[in-house]
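> need coordinates for the following:
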Amino acid sequence: MKQWWNNSFSRFLLVGVVNTLVGLSLIFFLLNVLQLNYWCSTFTGNALASIVSFLLNKNFTFRYRSKDSRIILRFFMVNLLCYALSYRIGLSLSAVAASLSVNQHSRKFTENIAVLTGSGIYTLTNYLAHKYYTFRMDQPKKETNKYVT
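From the prediction side, this is the model:
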């Protein structure tokens, strides 16, 4: 069990589960209970999930200890780009599904499927971008002394 916790991918998966539960719970609550629109619901849910994700991934998953303040900008820019991509695809799916729907219940069902599809796209693109860009561990630069002869 201890070996499982030492694997950053396992920790990323656990954070992903927590993150997904937080984000999707809020999205579905806003969409279905408060009857907010798709954009407002998904944006708000993903924004909260992004904050939770940043804190957990930085401190728990990747144990990133750098004091580089650019990490916050990189993290949220990646999330914003991933959100824009998943939102656009989800919105397109929702529009197609809505045009095929015959009643309000059918439309809500198809919107919910679009949310799940968009969420899957967001998760995949987000993981890859954070792994290879945001939290990459740069190799320390070799110091050269140009004054040594």
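> what's the first helix or strand after the longest helix belonging to the chain?
Counting by DSSP state H, the longest helix found in the chain is helix 70-100. Counting by DSSP states H and E, the next helix or strand C-terminal to helix 70-100 is helix 104-129.
> which secondary structure elements does that following helix sit against?
When contacts are defined as 3 or more C-beta pairs under 8 Å, 6 or more residues apart in numbering; DSSP states H and E, helix 104-129 packs onto helix 8-28, helix 38-56, helix 70-100. C-beta coordinates here come from the backbone N, C-alpha and C atoms, glycine included.
> turn those into TSV, columns for mean pLDDT, mean neighbour count and distance to residue 127.
Putting the helices and strands packed on helix 104-129 into TSV (pLDDT from 0 to 100; neighbours: other C-beta atoms under 10 Å; distance: least, C-beta to C-beta, whole Å) gives the following:
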stretch	mean pLDDT	mean neighbour count	distance to residue 127
helix 8-28	89	17	7
helix 38-56	92	19	10
helix 70-100	85	16	9
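> as a markdown table, those with distance to residue 108 would be great.
As requested, the helices and strands packed on helix 104-129 are arranged in a markdown table below (distance: least, C-beta to C-beta, whole Å):
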| stretch | distance to residue 108 |
| --- | --- |
| helix 8-28 | 11 |
| helix 38-56 | 11 |
| helix 70-100 | 10 |
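> so which of the ones you listed gets nearest residue 122?
In terms of C-beta to C-beta, the element of the helices and strands packed on helix 104-129 nearest to residue 122 is helix 70-100, at 3.8 Å.
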